[in-house]
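Asker: just a sequence and a predicted model for now, questions to come.
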Amino acid sequence: MTTEKCNNHLRHETEREALDHLRWARKQPHGKNLRALNVFRCQICDGYHVGRSGLKKQSAPVSNPTPAAKPRTFGEIRRKLRQLENQWDKARRHRAYQLQAIVDADRVCFAAEQTLVEAVVEQRQQQDDVLRELGIQIPPAPNPLRTGL
Ligand SMILES: [Zn+2]
């Protein structure tokens, strides 16, 4: 039975009542304009109303709503932290490897310099020996270690 109004809609106690009302309304003059109407259960008064079917669609999500950013869970944050730690460790290991390579290269360079200095000293001594055998006086050679050759 139609007794009261809710939100400017006639309130029907049952769905049947509301459907009957809608069917009756559609048979009235200009009733074809009521095609967009249907019956819905009201969340306010728990009764049934005749209303626009479009209302339901409007409340439903429209095309591709942007999903709200989900707050990160504790586990996600912990995993992210572990991932960052691994990256830092990797960077530190790489840096250490680079420093070791520089030290190694330095060592090789130093050894090569030593070998070169020894070779130069030996050559000069041989030169001096030859000149001495020939009886030629030579001024003392500068120390290659002090002059850097
Ligand atoms: Zn209502």
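Answerer: Done, it's in.

Asker: centroid-wise, who is the farthest residue in the protein?
Answerer: Gly135 (82.0 Å; C-alpha atoms, centre = their mean).

Asker: just say helix, strand or coil for it.
Answerer: Assigned with DSSP: H, G, I helix; E, B strand; the rest coil, Gly135 falls in the coil class.

Asker: now for it: which residues touch it?
Answerer: Contacts for Gly135 (C-beta atoms under 8 Å, 6 or more residues apart in numbering) come out as none. To be clear about C-beta, it is placed using only N, CA and C from the backbone, and glycine gets the same treatment.

Asker: got phi/psi on it?
Answerer: When quoted as degrees, to the nearest 10, the phi and psi of Gly135 stand at phi 80, psi 30.

Asker: report pLDDT for it.
Answerer: We have a pLDDT of 87 for Gly135.

Asker: what sits against Ile102?
Answerer: Contacts for Ile102 (C-beta under 8 Å, 6+ apart) come out as none.

Asker: ditto for Tyr48
Answerer: 11-15, 17-18, 39-42.

Asker: skipping adjacent residues, who's closest to it in space?
Answerer: Ala18 (3.8 Å; C-beta to C-beta, 6 or more residues apart in numbering).

Asker: do Glu15 as well
Answerer: Distances taken as C-beta to C-beta, 6+ apart put Tyr48 closest to Glu15, at 5.0 Å, once the chain neighbours are dropped.

Asker: the ion: which of the contacts of Tyr48 is nearest?
Answerer: Nearest to the ion, judged by C-beta to the ion, of these is Cys42 at 3.0 Å.

Asker: correct me if wrong: the closest one contacts Glu15.
Answerer: No: using C-beta atoms under 8 Å, Cys42 is not in contact with Glu15; the gap is 11.1 Å.

Asker: these two - which one has more neighbours?
Answerer: Set side by side, Cys42 and Glu15 show more neighbours around Cys42, with 16 against 13, by other C-beta atoms under 10 Å.

Asker: follow-up on the earlier one: tally of neighbours for the residue nearest to Tyr48?
Answerer: Neighbour count of Ala18, defined by other C-beta under 10 Å: 25.

Asker: the helix or strand hosting it and the ion, any residue contact?
Answerer: Take DSSP states H and E as the rule and Ala18 turns out to sit in helix 15-27. No: using C-beta under 5 Å from the ion, helix 15-27 stays clear of the ion, coming no nearer than 10.7 Å.
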